[in-house]
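J.: Sequence plus the predicted model coming up.
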Amino acid sequence: MSDTCIFCKIIQKKAPASIVYEDKRIIAFMSIQPINVGHTLVIPKKHYENIYEITEEEIGQLYRIVKKITKAVKTSIKAEGIRIIQNNGKAAGQVIFHMHVHIIPMYNNNIWNHPQNRDTKMLNQDAKKIQKAIG
């Protein structure tokens, strides 16, 4: 764990998050700066800065969960498509230096649509819809 990483603080429950999924190795939660409603982040609980550091075994587990959550996001948010993004390094657009995968619901009529005013209550409601779809 990193003392300065916001994602590590979320894992340790020292920072708030609208959690969608959690097991021993992986946690998923709503993005606080969503591209579209339902934008979910999936991260390993062990701190890896990027894809170059994570083990083969752990990235396999991470993407198994990404697939599971992707299906739940698509169903619960009624997305027409899903964009999965994983950035590595500042030049690639990585802002939080803890390995993470974005699951972004997409629609035929938009490319990027930052919803306005997704406060904690709304994010928690989004998380509950997705949790229900996970089963």
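T.: Cool, got the structure.

J.: C-alpha from now on. contacts and neighbour counts both.
T.: Noted.

J.: Relative to I54, how far out is the nearest residue to T40 once chain neighbours are set aside?
T.: The shortest distance from T40 to any non-neighbouring residue, by C-alpha to C-alpha, 6 or more residues apart in numbering, is to M30 (4.5 Å). To I54, M30 is 22 Å away according to C-alpha to C-alpha, to the nearest Å.

J.: More neighbours: the two, which one.
T.: Comparing M30 with I54 by other C-alpha atoms under 10 Å, the one with more neighbours is M30, at 24 against 17.

J.: For that one, list the residues it contacts.
T.: Residues in contact with M30 (C-alpha atoms under 8 Å, 6 or more residues apart in numbering) are A17, S18, I19, V20, G38, H39, T40, L41, L123, D126, A127.

J.: three-state assignment of the fifth one?
T.: Read that as G38. coil (DSSP: H, G, I helix; E, B strand; the rest coil).

J.: Can you verify my assumption that it contacts M106?
T.: No. G38 is beyond contact range of M106, at 9.6 Å (criterion: C-alpha atoms under 8 Å).

J.: Give me the more crowded residue out of the two.
T.: When neighbours are counted by other C-alpha under 10 Å, G38 and M106 differ, and G38 comes out ahead with 27 against 23.

J.: how about the more buried one, what does it touch?
T.: Counted by C-alpha under 8 Å, 6+ apart, G38 has contacts M30, V73, I77, I104, P105, D126, A127, I130.

J.: Now the first one. Its backbone dihedrals?
T.: Think M30. Dihedral pair for M30: phi -70, psi 140, per degrees, to the nearest 10.

J.: now it: how far from P16?
T.: Between M30 and P16 the distance is 11 Å, computed by C-alpha to C-alpha.

J.: how much distance is there from the longest helix along the chain to the middle of the chain?
T.: Looking across the chain with DSSP state H, the single longest helix is helix 56-77. Its chain's average C-alpha position is 10 Å from that of helix 56-77, according to C-alpha atoms, centre = their mean, to the nearest Å.
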